[in-house]
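In: need coordinates for the below:
(one chain, ligands or ions: 2)
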Amino acid sequence: MSEIAILGAGAFGTSLAMALSLNGAAVTLWCRNPEVAENMRNTRTSPPRLPGHNLPKTLSVEHDLTQIQSPTLLLAVPMQSLANFLQAAPDWSQRTLVACCKGIDRQTGLGPFATVKGGAPSADAALLTGPSFAADIAKGLPTALTLAAPTDSEGLALQNALSRPALRLYRTTDTIGAELGGALKNVIALAAGMAIGAGFGDSARAAVIARGFAEMTRYSMAKGAQPETLQGLSGLGDLVLTCTSEKSRNFSAGVAFGRGETPDMTSTTEGIATAEALAIEAELHQLDMPLTTAIHAVTTGKIDVHDAVGTLLARPVKQE
Ligand SMILES: NC(=O)C1=CN([C@@H]2O[C@H](COP(=O)(O)OP(=O)(O)OC[C@H]3O[C@@H](n4cnc5c(N)ncnc54)[C@H](O)[C@@H]3O)[C@@H](O)[C@H]2O)C=CC1
Ligand SMILES: O=C(CO)COP(=O)(O)O
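Out: Ligands and ions are numbered 1, 2, ... in the order given. From the prediction side, this is the model:
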């Protein structure tokens, strides 16, 4: 039996499975599509969402969830599928469930850690987040991530179990800050992409990053996060990565919106649904979220990027 299993064989789940099994550890990757799983087993190659890699020998691929007995499970399904996935799957008791997705559930307003905690109360919940493109992890490039768990001893155990030479994990007990940083940065990355796609330039993008970070921090602190967490890998670190790289699906979708084009709606672009969830939460709790509100209006076709910028620039001047 593998000590660790990754549930979800998309780009991120597969890259994590590859990295974790590189040192000879037995790791299982669960793939919901039996044909894709069969193909991965036969060819020992990665799935369509992460093409071009060979699977390590100690990585096994499974499509029957009931066969997976590993005590530590990393959940790498998209955020909007997480709650349903937890309900549909077998008994989670005595397991540690590490959420690896980024976003806010549109139906509940909850982040990935809170969704796991509520959806699988008999399990121990944790979160793995931070700046890390699946393609970089799959290549074995150095990556630093945040491991958030409710207690330091749980965090330490997971940190030891999941760290690898090129995968450096830092731990925190601020599960709220860690999950909100990872969720909100995707919305700001959409905004950064829009600034570039619309031709507003690098100075405008820097303004989006800085004001976006202020918005992320304000929202997260209102929800109980510690500001230091937002300043770390899971907040600022991931914000910078996602706002500055075309490898980011959120940034690239923003560029398409900025150019007046339709982004690739088949890709997992978590910021779009998360902007909707946050706009609802912001209104409910009277939180000032001008960038998020504008992004939600653009992604739902209510205004275009130029109107959004006009609205943002017309706001009263204020102290930084
Ligand atoms: N790709 C990346 O570089 C990174 C992704 N993430 C996060 O990881 C999460 C997953 O993203 P990716 O793997 O990139 O997406 P992906 O689109 O490559 O793969 C998603 C996988 O989830 C599976 N899936 C979808 N709905 C499901 C359901 N209801 N039940 C079970 N499986 C389901 C799909 O079949 C697919 O294998 C997202 O929240 C993303 O923000 C985090 C860090 C890096
Ligand atoms: O979260 C990520 C990097 O840390 C991946 O970003 P995208 O989902 O925008 O591709």
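In: mind naming the longest helix for this structure?
Out: When the chain is parsed with DSSP state H, its longest helix is helix 175-197.
In: tell me if it is near ligand 1.
Out: No: Helix 175-197 does not reach ligand 1 (CB under 6 Å from any ligand atom); its nearest approach is 6.9 Å. C-betas here are computed from N, CA, C, even on glycine.
In: what pLDDT, on average, does that helix get?
Out: Mean pLDDT, helix 175-197: 98.
In: what do you get for stretch 279-297?
Out: Mean pLDDT, stretch 279-297: 96.
In: cool, stretch 47-67 as well?
Out: pLDDT averaged over stretch 47-67 gives 95.
In: so is the helix or strand hosting Phe85 next to ligand 2?
Out: Following DSSP states H and E, one finds Phe85 within helix 79-88. No: applying CB under 6 Å from any ligand atom, one finds helix 79-88 separated from ligand 2 by no less than 10.3 Å.
In: can I get the helix or strand of the chain with the lowest mean pLDDT in PDB, CA atoms only?
Out: Taking mean pLDDT, DSSP states H and E as the measure, the chain has helix 305-313 as its least confident helix or strand, at a mean of 93. Extracted in PDB, the C-alpha atoms of helix 305-313 (Å, rounded to 0.1, in the frame of the first residue of the first chain):
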ATOM      1  CA  VAL A 305     -12.000  46.100 -19.500                       C
ATOM      2  CA  HIS A 306     -11.900  49.700 -20.500                       C
ATOM      3  CA  ASP A 307     -15.100  50.500 -18.600                       C
ATOM      4  CA  ALA A 308     -13.700  48.600 -15.600                       C
ATOM      5  CA  VAL A 309     -10.600  50.700 -15.500                       C
ATOM      6  CA  GLY A 310     -12.600  53.900 -15.900                       C
ATOM      7  CA  THR A 311     -14.700  52.900 -12.900                       C
ATOM      8  CA  LEU A 312     -11.600  52.100 -10.800                       C
ATOM      9  CA  LEU A 313      -9.800  55.300 -11.800                       C
END
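In: what kind of secondary structure is the residue nearest the centre of the chain in?
Out: Nearest to the geometric centre of the chain sits Lys102, at 2.5 Å (CA atoms, centre = their mean). Assigned state for Lys102: coil (three-state reduction, DSSP: H, G, I helix; E, B strand; the rest coil).
In: for it, give me its contacts.
Out: Counting by CB atoms under 8 Å, 6 or more residues apart in numbering, Lys102 touches Met79, Pro112, Thr129, Gly182, Ala183, Lys185, Asn186, Asp238, Glu270.
In: residues from the chain in reach of ligand 2?
Out: The chain has residues 102, 131-133, 186, 189, 238, 241-242, 248-250, 270 near ligand 2, with proximity defined as CB under 6 Å from any ligand atom.
In: that older thread, what packs against the least confident helix or strand of the chain?
Out: Helix 305-313 sits against helix 175-197, helix 290-299, with contacts defined as 3 or more CB pairs under 8 Å, 6 or more residues apart in numbering; DSSP states H and E.
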